[in-house]
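Chemist: test case, fold it:
(2 chains)
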There are 2 protein chains.
Amino acid sequence: MTETPAFSEAGVIFMKQRVCSILFLSVLVFSLLAGAATDPLPSWAAGSRKDRLVRFVESVSTPTEDHYVAESERIAVFDNDGTLWVEHPVPTEIVFTFDRVRALAPRHPEWAQKPPFQAVLNDDRAAMSRFTLRDFAILLGATHGGMTSGEFREIARVWLKTAKHPRYQKLYTECVYQPQLELLRFLRSKGFKTYIVSGGEVEFMRAFAEEVYGVPPEQVIGTSMKTVYQLKPDLDAVLNRQEEISSINDGPGKPVNIDLQIGRHPLLAFGNSNGDQQMLEHSASQTRPSLQLLLHHDDGVREYAYDRDTSNGRLSTAMDEALRRNWVLVSFKEDFKTVFPPARPSGSSAKPAPPAKR
Amino acid sequence: MTETPAFSEAGVIFMKQRVCSILFLSVLVFSLLAGAATDPLPSWAAGSRKDRLVRFVESVSTPTEDHYVAESERIAVFDNDGTLWVEHPVPTEIVFTFDRVRALAPRHPEWAQKPPFQAVLNDDRAAMSRFTLRDFAILLGATHGGMTSGEFREIARVWLKTAKHPRYQKLYTECVYQPQLELLRFLRSKGFKTYIVSGGEVEFMRAFAEEVYGVPPEQVIGTSMKTVYQLKPDLDAVLNRQEEISSINDGPGKPVNIDLQIGRHPLLAFGNSNGDQQMLEHSASQTRPSLQLLLHHDDGVREYAYDRDTSNGRLSTAMDEALRRNWVLVSFKEDFKTVFPPARPSGSSAKPAPPAKR
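Modeler: Numbers count the residues shown, from 1 in each chain, chains lettered A, B, ... in the order given. Here you go, the predicted model:
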């Protein structure tokens, strides 16, 4: 047996002090590291808007808080185009629609002489800039209908694997905002169900929403095509999409479809344009605390600047409403520290998505 | 220090054998007790149909099984009337509709002379038995429309707190099938999302679905009313239900709405009539294993007996399809050991529902 060497009393006190100091410093450093590591929104710049967002989410999800809301009631709704991903210079689904018109043209020789197809096939920018909603509806019908919903989703999936944004030269599914990906994850970590409520066609969005945003198909609400059920002679049941829109999920259509498909008032609603105004108004119309956010595209350097002064006024009434009702007017320039997620290793987009948290 | 007493070699062997026997018996008794305590479906009679149901659920939710399906893909859809609760002698929502016609009649003196209201107000059974779908649509519009969706849900909730089934003298919300409540819970415990997909009006079902079935509003799909968004001068946004049906969620409408609102093929579909046939066909139309079940009301003693021989033929084509396609034809008489849940202490129905599991 070995003997423990004896220490003088002063030596023991010195040792104790040193141990305490080291312990104290360790705890301090660890706390700082942990704090930095657990900022749920590292791509959001510090400031009053981030504070308000984080405080709201914490307050409704912390049982000891006055504004605590049961987990089952925690619903967040997000617009897609311009809120979760880039919508300029042309919204992605319009690019897809024009590409599909070109791809289907050989089967439709009559399109060469028939508006609005003619303008797309001739790349007649002037004519395209005058397209009405009815023109878009015709193009949507011809490219999104006439097949089963499964077939359509697969066509969209294949297109999204190669089509690139003209300015960023990235896949469109890589032109998603990193701060919003963090917000979606943060909300889910706090028990929120995250929904997309967009003017985009529902199957087009489902083609990437689970993989890119972690939002499962049943939490995607969008514009939809008339669909007809058919039992084929081999007993296989299919859903045939007609060449006609069933419901346009934009403007007042958003709260109507939220009421129909969710049946609860979302606690948090995030949009970026007049088409989201009614969704935000609806979310604000409840006795519980709620949060409405509007993304202001004011960053012409890293992204695009479009608002009441520089664009066709798409944002003007929603911005007035945001200011009047104290909604959070998120500044792309000031609040988004990074724009896009780090580039994925090539080929990784083909991997199956991790199981999404609901 | 105390000394350990010495044992003879024979004594040690005897002790070891005794310990082994006790251990073995304990394990046996514990296993039997545990087995009895964990039967997930105690109200389902043992037999091939219960076996097939339990085996299917286990196989898709056990990672080591060949037919394992990721949790996010585990969707189960249930019809409501006649599948989860009693639909005879008159479906509950029809009883509610007639009650509402009587309650609203003082505000509509013209109804006294106006079919189909007249027949309801005069309790003219002969005329009521001749009601067409259009008559029901008019009555549904007048009683389910003309108010906000929140107001309607509250009216339905109040009615369900007192209205009783004429034969059982229980609240309608107590005339739910205990074996099905167990099945819903069992499915959720195995990672399934459970949906109701019913011809009933969506807000009528949401008035009780979460409390009674543990199914949250966003997992209720039903017939819906045309709804119009309105921002009132005080900035409160409301959704005004019109006196007109928007979508009838029955027959082929069920898979169409499943595709629109869920966007996945349900793994398990449970119905009881021709109105569920297309939902079951759609569920069966996938490459993964799936299970379709049809509840056969063959118990005139404890409930009602209605099928191809004794009723208006509602079940006939669905039963043919079930037999032809090897769907599980559940026998109310043989498979349901109990019918309703045990009576709740009086007043307990007013208590808030426990947080629902998704």
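Chemist: looking at A:A322 now. What's its pLDDT?
Modeler: Looking at A:A322, its pLDDT reads 91.
Chemist: dump the residue contacts of it.
Modeler: Taking C-beta atoms under 8 Å, 6 or more residues apart in numbering or on different chains, we find A:A322 in contact with A:L280, A:Q292, A:L294, A:V328, A:L329. No exception for glycine: its C-beta is placed from N, CA and C like everyone else's.
Chemist: with A:Y195 instead?
Modeler: Residues in contact with A:Y195 (C-beta under 8 Å, 6+ apart) are A:I75, A:A76, A:V77, A:F78, A:V215, A:Q219, A:V220, A:I221, A:I258, A:I262, A:P266.
Chemist: now A:T64
Modeler: By C-beta under 8 Å, 6+ apart, A:T64 has no neighbours at all.
Chemist: in the host helix or strand of A:A142, what counts as buried?
Modeler: Assigned by DSSP states H and E, A:A142 belongs to helix A:133-144. Across helix A:133-144, burial judged by 16 or more other C-beta atoms under 10 Å in any protein chain shown covers A:D135, A:A137, A:I138, A:L139, A:L140, A:G141, A:A142, A:T143, A:H144.
Chemist: run through the neighbouring helices and strands of it.
Modeler: helix A:92-104, helix A:117-121, strand A:220-231, strand A:237-247 (3 or more C-beta pairs under 8 Å, 6 or more residues apart in numbering or on different chains; DSSP states H and E).
Chemist: and of the buried residues of helix A:133-144, the nearest to chain B?
Modeler: Set against chain B, the nearest of the buried residues of helix A:133-144 by C-beta to the nearest C-beta is A:H144 (13.6 Å).
Chemist: surely that closest one touches A:E151?
Modeler: No - counting by C-beta atoms under 8 Å, A:H144 sits too far from A:E151 to count as a contact (10.8 Å).
Chemist: without its sequence neighbours, what residue ends up closest to A:H165?
Modeler: Spatial nearest neighbour of A:H165, chain neighbours left out: A:C175 (4.9 Å); criterion: C-beta to C-beta, 6 or more residues apart in numbering or on different chains.
Chemist: do you know how far the one you found is from chain B?
Modeler: A:C175 sits 23 Å away from chain B, going by C-beta to the nearest C-beta, to the nearest Å.
Chemist: number of residues surrounding that residue?
Modeler: Around A:C175 there are 20 other residues, counting by other C-beta atoms under 10 Å in any protein chain shown.
Chemist: what about A:S283, how many neighbours?
Modeler: Summarising burial for A:S283: neighbours were counted as other C-beta under 10 Å, giving 27.
Chemist: how much space separates it from B:Y168?
Modeler: Using C-beta to C-beta, to the nearest Å, A:S283 is found at 42 Å from B:Y168.
Chemist: output the helices and strands packed on helix A:133-144 as TSV; include the columns mean neighbour count.
Modeler: Listed next are the helices and strands packed on helix A:133-144 as TSV, based on neighbours: other C-beta atoms under 10 Å in any protein chain shown:
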stretch	mean neighbour count
helix A:92-104	18
helix A:117-121	20
strand A:220-231	20
strand A:237-247	18
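Chemist: and of those, who's closest to A:L315?
Modeler: For the helices and strands packed on helix A:133-144, proximity to A:L315 was assessed by C-beta to C-beta; helix A:92-104 is nearest, at 18.6 Å.
Chemist: against which helices or strands is the closest one packed?
Modeler: Packed next to helix A:92-104, using 3+ C-beta pairs under 8 Å, 6+ apart, are helix A:117-121, helix A:133-144, helix A:149-160.
Chemist: got the contact list for the closest residue to A:V95 other than its chain neighbours?
Modeler: Among residues not flanking A:V95 along the chain, A:A163 sits closest, at 6.8 Å (C-beta to C-beta, 6+ apart). With contact set as C-beta under 8 Å, 6+ apart, A:A163 has these partners: A:T92, A:V95, A:F96, A:D99, A:L171, A:Y172.
Chemist: what's stretch A:93-101 in contact with?
Modeler: In contact with stretch A:93-101 (C-beta under 8 Å, 6+ apart) are residues A:81, A:111, A:117, A:120-121, A:136, A:139-140, A:142-144, A:155-156, A:159, A:163, A:172, A:200-201, A:204.
Chemist: A:S247 and A:T223 touch, don't they?
Modeler: Yes - between A:S247 and A:T223 there is a contact at 6.6 Å, judged by C-beta under 8 Å.
Chemist: can you tell me if stretch A:208-226 touches chain B.
Modeler: Yes - Stretch A:208-226 lies within reach of chain B by C-beta under 8 Å from any C-beta of the partner chain, at A:E210, A:P216, A:P217, A:E218, A:V220, A:S224.
Chemist: stretch A:261-272 too?
Modeler: Yes - judged by C-beta under 8 Å from any C-beta, stretch A:261-272 comes into contact with chain B at A:Q261, A:I262, A:G263, A:R264.
Chemist: C-terminal to the lowest-mean-pLDDT helix or strand in chain A, what's the next element?
Modeler: Ranked by mean pLDDT, DSSP states H and E, the weakest helix or strand in chain A is helix A:9-37, scoring a mean of 55. Under the assignment DSSP H and E, the closest C-terminal helix or strand after helix A:9-37 is helix A:48-61.
Chemist: and that following helix, what does it pack onto?
Modeler: helix A:178-189, strand A:291-298, strand A:328-331.
Chemist: how far off centre is that helix?
Modeler: 19 Å (C-alpha atoms, centre = their mean, to the nearest Å).
Chemist: now do the buried residues in that helix.
Modeler: Buried positions in helix A:48-61, judged by neighbour count with 16+ other C-beta under 10 Å: A:R49, A:K50, A:L53, A:V54, A:F56, A:V57, A:V60, A:S61.
Chemist: quick one: which of those residues is nearest to chain B?
Modeler: A:S61 (13.3 Å).
Chemist: which residues of the stretch 251-358 of chain A fall in helices?
Modeler: For the stretch 251-358 of chain A, applying DSSP state H, counting those that start in this stretch gives helices covering A:253-261, A:277-284, A:316-324, A:332-335.
Chemist: what strands flank the one helix or strand A:V77 maps to, and is each parallel or antiparallel?
Modeler: Taking DSSP H and E as the criterion, the element that holds A:V77 is strand A:75-78. Strand partners for strand A:75-78, identified by DSSP bridges, are recorded as strand A:193-201 (parallel), strand A:268-271 (parallel).
Chemist: so which of these is the most surrounded?
Modeler: Per residue and on average, the most neighbours among the strands paired with strand A:75-78 fall to strand A:268-271, with a mean of 28 (mean count of other C-beta atoms under 10 Å in any protein chain shown).
Chemist: can I get that strand as CSV, trimmed to CA atoms?
Modeler: Only the C-alpha atoms of strand A:268-271 are listed here, as CSV (Å, rounded to 0.1, in the frame of the first residue of the first chain):
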residue,chain,number,x,y,z
LEU,A,268,-48.1,32.1,-36.1
ALA,A,269,-48.5,33.1,-39.7
PHE,A,270,-45.7,34.2,-42.0
GLY,A,271,-46.1,35.7,-45.5
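Chemist: what lies in contact with that strand?
Modeler: A:56-57, A:75-79, A:83, A:180, A:183, A:187, A:192, A:276-277, A:279-280, A:282-284, A:290-295, A:318.
Chemist: run the last query once more with 7 Å
Modeler: A:76-79, A:83, A:279-280, A:283, A:290-294 (C-beta atoms under 7 Å, 6 or more residues apart in numbering or on different chains).
Chemist: before we move on, what about stretch A:219-239?
Modeler: The contact list for stretch A:219-239 (C-beta under 7 Å, 6+ apart) reads A:144-145, A:148-149, A:193-202, A:205-206, A:209, A:240-242, A:244-249, A:257-258, A:261, B:252, B:255-256, B:259-260, B:263, B:278, B:281-282, B:285.
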